[in-house]
Every structure is written in C-alpha cells, then in structure tokens.
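# after the sequence you'll find the predicted model.
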Amino acid sequence: MSSETSQMKILLTGATGYVGGRLLPLLLDRDSDVRCLTRRPDGLETGVGQTEVAVGNLLDPESLKNALKDVHTAFYLVHSMGSTDDFETMDRRAAENFAAECTRQNVKRIIYLGGLGNPDHKLSKHLRSRQEIGDILRTSTASVIEFRASIIIGSGSLSFEMIRALVERLPVMICPKWVRVLAQPIAIEDVLAYLVEALDQPVDETHIFEIGGPDQISYGEIMQCYARQRGLRRWMIPVPLLTPYLSSLWLGLVTPLYSRVGRKLVDSLKNPTLTSNNVADRHFKVRPRSAEKSIARALVNEDSEFAETRWSDALSSGGQPKSWGGVRFGSRLVDSRTREVSTTTDAAFLPIRRIGGETGWYYGTWLWQIRGFMDLLVGGVGVRRGRRDPDHLRVGDTLDFWRVEQFVEGKLLRLAAEMKVPGRAWLEFEVTEENGQSVVRQTALFDPVGLFGIAYWYALFPLHQFVFEGMLRNICKAATCPPLPNTEEEKPSAAN
C-alpha cells in the first residue's frame with residue numbers, strides 16, 4: 001500500500017449496511033482517512049474511532065456537497081431493495097445525484113458493488129437496476145471500478161440467511177425452478193478483499209470486474225452443502241410451480257426475509273449469475289474460496305462471535321422483524337434482559353459467581369432439578385455434578401449440567417450447556433457500570449439444529465419468561481444483601 005492511497009480521503013456510503021459495515025474496519029486498519037455518509041449517525045457511534053461522519057441522503061443533492069468535499073475515492077454500496085416504493089426509480093435518482101456531485105467535486109474514483117448477470121439476457125428488475133447504477137456512475141468524470149458479484153456467502157448476508165432458514169426449518173422442501181438455476185457464490189471475505197485491493201488499482205482506469213468463487217452450483221446445491229455441515233438430512237422435491245410472488249410469500253413465512261424483499265430476490269434468481277471471464281484474476285491477488293469453504297467459514301465465524309453486521313441493519317430493509325420468541329441472530333435465538341442495581345459491579349457479580357450447586361439458580365431451582373432428572377433419563381449428565389467450589393469459578397469448571405466457557409472476574413460468566421438438547425445452548429451473565437449504577441445483563445442463547453430444535457425453543461419460551469426474569473430479579477436482590485460466608489476465610493473464627 002502506497003502512502004498516497006493511505007492518506008487520500010475516502011467516502012464510504014452504506015457504512016451501516018451489511019457490506020459497508022464490514023468494510024469500514026478494514027479501511028481503518030489501512031490507516032485510511034475515512035468519511036462515512038449516513039442518514040443515521042447514531043448507528044456509527046460504536047467502533048469507528050476517529051472516523052468522520054457526514055449526515056446526508058443520496059436523494060437530497062444538497063446534503064452531498066459537504067460529504068464529497070475533498071474526497072479522492074468514494075465507495076458506493078447502497079440500494080433500496082427493501083423499500084416499499086419504486087426501488088428502481090429511487091436507486092436511479094440516488095446514483096444520478098451522486099454521479100453529478102462527484103463530477104462537481106472532482107472525485108477521482110468510484111468503487112461500486114453491483115450484481116452479476118448477463119446483460120444480453122432478460123434480467124430481473126433487481127439485477128437490471130444494479131447494472132444500471134453502474135452505467136449512471138460512469139457518467140461522472142470519475143473513473144469507476146464496478147464489481148459484479150453473485151450470491152454472497154457470509155453470516156448475516158441476505159442470501160445466506162434465506163438458505164439457513166430454509167434448511168434449518170424445512171426437513172422436506174418443495175423446490176421451484178429457481179432453486180436449480182446456477183450461480184457462482186463468493187465469500188463475503190473475498191468480496192471485501194476485492195474492494196480493499198481496488199484502492200491500489202490505477203486511478204485513471206474504468207473497469208467492470210465479474211467476481212465469483214470457483215464453483216458453479218445452484219441454490220439447491222448450496223442448501224445441501226449447508227445441511228451437510230450442520231449435520232442435517234434434507235429432502236428436496238423439484239416442482240415446476242411457485243411463481244416469484246408465491247415464492248416470496250412462502251419465504252416470508254419460513255425465513256427472516258420480508259415478502260417484498262424476498263420477491264425481488266426470488267425474481268432475480270431466475271437469471272444465472274455466472275462469470276463470463278477471468279479479467280479480475282489478472283488485476284487482483286484475490287483467489288476466492290469454494291462454496292463449501294465459504295459456508296464453513298461463515299459458521300466458524302458465528303461460533304466465535306455473532307455476525308458483525310446483518311443485511312437487516314441497512315436502513316432500506318425496514319428494521320428487524322418482530323418476534324415473540326426472542327431475537328434471531330444468525331442461526332441463534334436470543335433471550336436477553338437487563339436490570340440496574342444500586343451497588344458496585346463486584347457486589348453485583350458476586351451472586352452470579354456463586355450460582356448453581358448448593359446455592360441453586362435463584363428462581364425455580366426445583367424446575368432446574370426436574371430438567372436435570374429428565375436429562376438423566378435420556379443419558380445426560382443431570383445436575384449431580386454440582387460445582388467444584390461454592391464461591392470460585394474458573395474456565396472449564398462443571399456447574400450442574402453446564403460448563404464454564406468464559407469467566408472474567410467481576411464482569412462476565414458464560415456457561416455452555418452439556419445437557420442433551422436439540423442444538424447448542426449458552427447462558428451468559430454480564431455486569432457493566434452505567435451512570436454510577438451496575439447493569440446486570442442475563443442472556444440465554446440457543447443454536448437450534450433442525451425443525452425439532454426450533455420447536456424445542458418455542459415450546460419452552462413461555463416458561464423461560466418466568467424462570468429467567470425471576471433469576472435476574474433475585475440475582476439483583478442478592479447483590480444488595482450482605483454476602484453469606486462461603487469460604488473458610490469468610491467464616492468467623494471460634495476465638496471470636
């Protein structure tokens with residue numbers, strides 16, 4: 001990386017979206033001078049360091065003047081697919097405003113991520129719009145590097161979330177024609193690598209690069225690959241039915257997608273999205289990984305942390321779908337709640353550190369014991385193990401039918417379930433300080449496997465409301481009471 005590329009001013013649009021949210025930290029790692037254009041500045045308050053934030057709207061030309069001032073390179077990573085309005089018209093207006101202001105501000109380069117598809121064929125509205133945006137951006141005086149990508153595989157991406165939900169929830173899938181159309185999926189990490197490396201390309205050249213992984217496979221084959229890696233068996237029955245409209249309604253019922261987004265996505269799936277050349281290989285060092293490795297990496301990333309960004313973080317997606325059964329993050333279902341307590345963080349954490357064993361679970365301990373007995377009946381560990389020490393914990397300790405996976409004294413306790421469940425489960429407690437108060441967060445996480453795993457979560461969810469709320473309430477109550485002596489050092493001596 002040259003010193004010139006590290007010091008030039010970069011404008012990032014779509015920084016609160018799926019791709020832009022992951023690109024931003026990579027740009028900062030290069031010590032780039034980054035300015036983010038957003039309608040929602042509060043969405044960028046966390047983790048952007050000294051990044052400059054410009055509040056603006058691509059549909060408002062006046063708001064772009066300050067955003068593009070002194071900018072050398074602009075990333076264009078926005079579209080209105082989730083809008084209830086005419087998304088083609090909105091995207092066209094936005095691109096026209098952006099291209100015109102780039103010309104006025106003498107922006108040198110625009111880097112754009114669009115959609116792959118043969119323009120000589122009858123493209124869907126979505127793919128046609130994505131390629132039209134590239135044409136509009138090329139009307140500016142800036143050079144344009146346009147990447148056209150197929151399915152992007154990564155935790156949180158629109159296509160991947162659809163695949164995940166279908167495979168996890170449907171043991172038998174009725175597969176319309178679009179499930180058999182060929183695509184060339186690419187990992188989100190490889191897309192990001194292309195975008196970053198584009199900064200080092202000659203600034204006076206305009207190119208269209210088609211990017212994709214080495215595999216030409218269908219959505220159905222991708223779903224089977226996902227199922228294998230999750231240890232699921234799925235049957236797929238091909239049918240010549242289900243129009244894009246009916247398919248979108250079906251997706252709205254069984255996946256996190258909204259039907260309007262699903263309809264536009266399914267409509268685009270009728271078009272093969274395959275690269276027609278290897279020009280990108282001659283200009284970039286990136287060598288995309290296979291579909292199997294892309295899926296494996298997405299799942300591994302989720303094991304280490306939740307998805308960094310989600311497609312539904314983008315403003316145009318319309319917000320997170322409501323759910324009475326907890327919030328879904330990737331494959332995980334999450335029930336999280338907090339309480340404030342007027343005490344120190346150490347005192348607030350003390351009852352958490354003592355949970356389980358002889359202390360019990362602060363609410364409904366008899367219910368936990370019944371759950372442990374049921375676990376024994378099916379060959380599980382039950383609650384007979386108790387805990388190693390009544391007062392102290394360390395990573396790796398057994399705690400009834402849990403095991404300590406992460407422990408930070410005074411701050412965090414994360415327990416991984418070792419009971420028999422149709423999936424993986426965790427229980428996490430975290431204590432932080434806010435405005436002189438201690439805030440206790442209690443979170444139950446469940447990664448269901450298959451339809452039975454999902455049914456298991458929702459069957460127990462009403463009971464969780466009482467048990468987890470009662471646990472948190474009594475933990476906070478115990479935090480304000482004098483601690484009971486649990487160790488030899490805390491016990492009064494006989495001499496006294």
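Arrived safely. Numbering: from 1, shown residues only.
# nearest residue to Arg387 in space, please, no chain neighbours.
In space, and not counting its chain neighbours, Arg387 is closest to Gly357: 3.8 Å by CB to CB, 6 or more residues apart in numbering. Every residue, glycine included, has its C-beta placed from N, CA and C.
# do I have it right that the one you found meets Leu393?
No. Using CB atoms under 8 Å, Gly357 makes no contact with Leu393, being 10.3 Å away.
# give me the common contacts of the two.
387, 399 (CB atoms under 8 Å, 6 or more residues apart in numbering).
# circling back to that earlier point, next one: the residue nearest to Arg387 from Thr38, what distance?
Going from Gly357 to Thr38 by CB to CB, to the nearest Å gives 49 Å.
# of those two, which one has the most company?
Thr38 (23 against 18; other CB atoms under 10 Å).
# separation between the more buried one and Lys420?
Counting by CB to CB - Thr38 and Lys420 are separated by 46 Å.
# now swap in Glu358 and tell me
Counting by CB to CB, the gap between Glu358 and Lys420 amounts to 24 Å.
# so which of the two has more stuff around it?
Lys420 (14 against 9).
# doesn't that one belong to a strand?
No. Looking at Lys420 with DSSP: H, G, I helix; E, B strand; the rest coil, it is coil, so not inside a strand.
# where does this structure have low pLDDT?
1-7, 42-50, 80-85, 241-268, 302-331, 380, 382-384, 482-496 (pLDDT under 70).
# can you check which helix is longest in it?
helix 450-479 (DSSP state H).
# in that helix, what counts as buried?
450, 453-454, 456-457, 460-461, 464, 467-468, 471-472, 474-476, 478-479 (16 or more other CB atoms under 10 Å).
# for stretch 96-106, same thing?
For stretch 96-106, using 16+ other CB under 10 Å, the buried residues are 96-99, 101-102, 105.
# angle of the helix or strand hosting Arg441 against helix 450-479?
Assigned by DSSP states H and E, Arg441 belongs to strand 437-448. With axes from the mean of the first three to the mean of the last three CA atoms, to 10 degrees defining the directions, strand 437-448 sits at 160 degrees from helix 450-479.
# neighbouring strands for strand 437-448, and are they parallel or not?
Sheet pairing for strand 437-448, assigned by DSSP bridges, gives strand 332-341 (antiparallel), strand 423-434 (antiparallel).
# name the helices or strands packed onto the longest helix of the chain?
For helix 450-479, the contact count by 3 or more CB pairs under 8 Å, 6 or more residues apart in numbering; DSSP states H and E identifies helix 158-169, strand 332-341, helix 345-353, strand 423-434, strand 437-448 as packing neighbours.
# gap between that helix and the chain center?
Taking CA atoms, centre = their mean, to the nearest Å, the mean C-alpha location of helix 450-479 is offset from the chain mean by 24 Å.
# could you check the angle that helix makes with helix 345-353?
Put simply, helix 450-479 runs at 130 degrees to helix 345-353, going by the same axes, to 10 degrees.
# quick one: contacts for the nearest residue to Ala187 once chain neighbours are set aside?
Distances taken as CB to CB, 6+ apart place Ser294 nearest to Ala187, at 3.8 Å, with adjacent residues excluded. Residues near Ser294 by CB under 8 Å, 6+ apart: 153-154, 185-187, 190, 213.
# gap between Ser294 and Ile217?
11 Å.
# common neighbours of those two, please.
With CB under 8 Å, 6+ apart as the test, Ser294 and Ile217 both reach Pro185.
# that older thread, determine which two of the contacts of Ser294 are furthest apart.
Gly154 and Gly213 (12.1 Å; CB to CB).
# overlap of the contact sets of those two?
187, 294.
# what's around Glu205, how many residues?
With other CB under 10 Å as criterion, Glu205 counts 11.
# can I assume Phe98 sits in a strand?
No. Counting by three-state DSSP, one finds Phe98 to be helix, located in no strand.
# which segments of the protein make up each domain?
3-317, 327-479 (automatic domain parsing).
# state whether Phe75 is indeed within a strand.
Yes. Assigned with three-state DSSP, Phe75 falls within a strand.
# would you agree it is in contact with Val107?
No. The criterion here is CB under 8 Å, and Phe75 misses it with Val107 at 11.2 Å.
# okay, and the common contacts of the two?
By CB under 8 Å, 6+ apart, the residues touching both Phe75 and Val107 are Leu11.
# export the strands paired with strand 437-448 to CSV and tack on distance to Gln131 and mean neighbour count?
Shown next, in CSV, are the strands paired with strand 437-448 (distance: least, CB to CB, whole Å; neighbours: other CB atoms under 10 Å):
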stretch, distance to Gln131, mean neighbour count
strand 332-341, 36, 17
strand 423-434, 41, 18
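# distance to Gln224 added to those strands, as TSV?
As requested, these are exported to TSV (distance: least, CB to CB, whole Å):
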stretch	distance to Gln224
strand 332-341	22
strand 423-434	20
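# among those strands, which is nearest Asn277?
strand 332-341 (39.5 Å).
# grab the CA positions of the closest one and hand them over as PDB.
Provided in PDB are the C-alpha atoms of strand 332-341 (Å, rounded to 0.1, in the frame of the first residue of the first chain):
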ATOM      1  CA  ARG A 332     -29.100 -18.400  17.200                       C
ATOM      2  CA  LEU A 333     -32.200 -17.500  19.100                       C
ATOM      3  CA  VAL A 334     -31.600 -15.000  21.900                       C
ATOM      4  CA  ASP A 335     -33.500 -14.000  25.000                       C
ATOM      5  CA  SER A 336     -31.700 -11.100  26.700                       C
ATOM      6  CA  ARG A 337     -32.800  -8.800  29.500                       C
ATOM      7  CA  THR A 338     -31.200  -6.300  31.900                       C
ATOM      8  CA  ARG A 339     -31.700  -4.800  35.400                       C
ATOM      9  CA  GLU A 340     -30.000  -1.900  37.200                       C
ATOM     10  CA  VAL A 341     -28.800  -2.400  40.700                       C
END
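# if we can go back for a sec, quick one, which of the strands paired with strand 437-448 is nearest to Val404?
Per CB to CB, nearest to Val404 of these: strand 423-434, 10.7 Å.
# next, the angle from that closest one to helix 158-169.
Using the same axes, to 10 degrees: strand 423-434 against helix 158-169 is 130 degrees.
# next one: strand 423-434 to chain centre, how far?
18 Å.
# thinking again about what came up before, and the residue nearest to Arg387, what are its phi and psi?
Main-chain torsions, Gly357, degrees, to the nearest 10: phi 60, psi -140.
# in contact with the residue nearest to Tyr226 when sequence neighbours are not counted: list those residues for me.
Setting aside the residues directly before and after it, Tyr226 is nearest to Val167 in space (CB to CB, 6+ apart), at 5.1 Å. The contact partners of Val167, by CB under 8 Å, 6+ apart, come to 223, 226-227, 230, 232, 234.
# ok, the residues you listed vs Ile352, which is closest?
Arg230 (32.0 Å).
# how close does that closest one sit to Thr141?
49 Å.
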